[in-house]
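Undergrad: Provide a 3D model corresponding to the input given below.
(chains A and B)
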Amino acid sequence: MSGSDGFSVNLSSLISQAGTWNSQADQMRTVIQQIATVDQVGHADGVFAPVARQYNTACAQVSLWCCQGEMQMLAIASALQKAKWSYQSADDWSTHQLADEKLKIDHSNRIHDLINGVTRRPT
Amino acid sequence: MTFDPVQYMNTLTELQNTNAKLPGRIQEAASLAGIAAGIEWALDPLSSSNTRDEILNKGRVLVDTITAYLEDLVELPFSMYSAGLTWSDIQITFGKMGETLAGLQNPPGEWTGVAGGKYADNIQQQDAAADGMEACAAVISNACFNVADYGYTFLFELLDNVTNVWESLFSLDPGAVLGAIVGASLTVSGDYETFKTSLGGPARALKAIPTQGGSDFPSGNWPIAAQL
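TA: Predicted coordinates:
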């Protein structure tokens, strides 16, 4: 689809790119699940306690960032799909509009012809 | 030393077994020291020797110390090694994600106009965010492997010291036995301090992760590209 007002868009590529964002969101979900398998190492006390605490905190933070990333990626994919649907609707609407205009012109010409026909009575 | 699960398990088992055998052998060595002290007393009633008690007391303290360290070393180095492998995988995933997202920097299919431009502007930082996550995963993975490596090094040093004491207990010289126990206790204590200090490195690296970009990441969150 393209317009004289300076924009153009290939609707199928919008959907293709939305798919890529969706697959990256899936990747992010997989990472979140992976982190969940290793996000708590033990030892409330003992020599490893300080490093274990920092590790657990870091895991929680990265997991949170992953959730944010997943949400953003899904939102981007959704926005692209929405844009595609919007352009598609506009395209469909334009097609109807053109047909309507053509019909109106036809009607107008026919009316004009009829008027002329009436006024130009055969002698 | 680089952590290896099989070698670590073998070292751990050997240390546990040797440490478990120490008290009986220390008792025997102390008895020998007692006999020697008795002979010494018979020859010279004014002499006094408490080597027997020292061997028993210092030997008991050493065994208890090793037992306490072993409690720490049984599980966590394995957990951290396993976590390091997982984070290494996650690092690779984020690396690929960054490359994929970098390929999405241009609007799809010559998508121009206001919406296309806005999309292009708003997704600019997504691949940088994935790259940032890759770096975080690398830090966490390295920290995990370092903890496992340091644990292995300490375990190996403990085994070395306990083996030395074990071998000394077959000596017929009570002074040599006591010297080995005292020497091992000092070395183990020093090794423990070194080990504890070395764990500070990975702890600091891990502590720095949540402060990257504050509560959001990076510099203002995963950017919102959805508001077209």
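Undergrad: confirm B:Thr2 sits in a strand?
TA: No. The assignment for B:Thr2 is coil, going by DSSP: H, G, I helix; E, B strand; the rest coil, so no strand is present there.
Undergrad: excluding chain neighbours, what is closest to it?
TA: On the basis of Cβ to Cβ, 6 or more residues apart in numbering or on different chains, the spatially nearest residue to B:Thr2 that is not a chain neighbour turns out to be B:Asp149, at 5.8 Å. C-beta coordinates here come from the backbone N, C-alpha and C atoms, glycine included.
Undergrad: tell me, how many residues neighbour that neighbour?
TA: Using other Cβ atoms under 10 Å in any protein chain shown, B:Asp149 has 20 neighbouring residues.
Undergrad: hmm, B:Tyr152 is touching B:Val6, no?
TA: No. With contacts defined as Cβ atoms under 8 Å, B:Tyr152 does not count as touching B:Val6, sitting 11.5 Å away.
Undergrad: ok so, going back, what separation do you get for the residue nearest to B:Thr2 and B:Ala143?
TA: To B:Ala143, B:Asp149 is 11 Å away according to Cβ to Cβ, to the nearest Å.
Undergrad: quick one on the thing from earlier: list the residues that contact the residue nearest to B:Thr2.
TA: B:1-3 (Cβ atoms under 8 Å, 6 or more residues apart in numbering or on different chains).
Undergrad: by pLDDT, give me the weakest of these.
TA: Looking at the contacts of B:Asp149, model confidence by pLDDT dips furthest at B:Met1: 90.
Undergrad: longest helix of chain B?
TA: With DSSP state H applied, the helix covering the greatest number of residues in chain B is identified as helix B:126-168.
Undergrad: so what secondary structure elements neighbour the helix or strand following that one?
TA: Past helix B:126-168, heading to the C-terminal end, the next element that is a helix or strand (DSSP states H and E) is helix B:174-208. Using 3 or more Cβ pairs under 8 Å, 6 or more residues apart in numbering or on different chains; DSSP states H and E as the contact definition, the elements that helix B:174-208 packs against are helix A:49-119, helix B:5-43, helix B:51-73, helix B:126-168.
Undergrad: and of the ones you listed, who's closest to B:Met80?
TA: Across the helices and strands packed on helix B:174-208, the minimum distance to B:Met80, taken as Cβ to Cβ, is reached by helix B:126-168, at 4.3 Å.
Undergrad: angle of that closest one against helix B:5-43?
TA: 30 degrees (axes from the mean of the first three to the mean of the last three Cα atoms, to 10 degrees).
Undergrad: pLDDT averaged over helix B:126-168 - what is it?
TA: The average of the pLDDT scores along helix B:126-168 is 94.
Undergrad: quick one: it to helix B:174-208, angle?
TA: Between the axes of helix B:126-168 and helix B:174-208, defined by the same axes, to 10 degrees, the angle is 170 degrees.
Undergrad: just want the angle from helix B:126-168 to helix B:51-73.
TA: In this structure, helix B:126-168 runs at an angle of 160 degrees to helix B:51-73, with the same axes, to 10 degrees as the basis.
Undergrad: chain center to helix B:126-168, what's the gap?
TA: Taking the mean C-alpha point of helix B:126-168 and that of its whole chain, the gap between them comes to 5 Å (Cα atoms, centre = their mean, to the nearest Å).
Undergrad: model confidence for residue 93, exactly?
TA: No chain specified, so I'll use chain A. With respect to pLDDT, A:Trp93 scores 61.
Undergrad: nope, chain B
TA: Predicted confidence (pLDDT) for B:Thr93: 97.
Undergrad: is it correct that it is in contact with A:Arg29?
TA: No. B:Thr93 lies out of contact with A:Arg29 (Cβ under 8 Å); the separation is 11.2 Å.
Undergrad: so, low pLDDT: which residues of chain B?
TA: Residues of chain B meeting the criterion pLDDT under 70: B:40-42, B:44-49, B:106-110, B:112, B:213-228.
Undergrad: residues in contact with the spatially closest residue to A:Thr57 that is not a sequence neighbour?
TA: Sequence neighbours aside, B:Pro210 is the residue nearest to A:Thr57 in space, at 6.0 Å (criterion: Cβ to Cβ, 6+ apart). Contacts for B:Pro210 were tallied using Cβ under 8 Å, 6+ apart; they are A:57-58, A:61.
Undergrad: what's the local residue count around residue 76?
TA: Using chain A here. Counted by other Cβ under 10 Å, the residues lying close to A:Ile76 total 29.
Undergrad: my bad, chain B
TA: If you count neighbours by other Cβ under 10 Å, B:Leu76 ends up with 22.
Undergrad: can you tell me how far it is from B:Val162?
TA: With Cβ to Cβ as the criterion, B:Leu76 and B:Val162 are 20 Å apart.
Undergrad: now swap in B:Val61 and tell me
TA: Using Cβ to Cβ, one gets 13 Å for the distance from B:Val61 to B:Val162.
Undergrad: next: B:Gly98.
TA: Separation of B:Gly98 from B:Val162 (Cβ to Cβ): 48 Å.
Undergrad: these two: which is more packed in?
TA: Neighbours of B:Gly98 and B:Val162, each counted by other Cβ under 10 Å, are more numerous for B:Val162; the result is 23 against 20.
Undergrad: can you pull the contacts of the nearest residue to the more buried one once chain neighbours are set aside?
TA: Take B:Val162 and drop its neighbours on the chain: the residue closest to it by Cβ to Cβ, 6+ apart is B:Thr18, 5.1 Å away. For B:Thr18, the residues meeting the contact criterion (Cβ under 8 Å, 6+ apart) are B:159, B:162-163, B:166.
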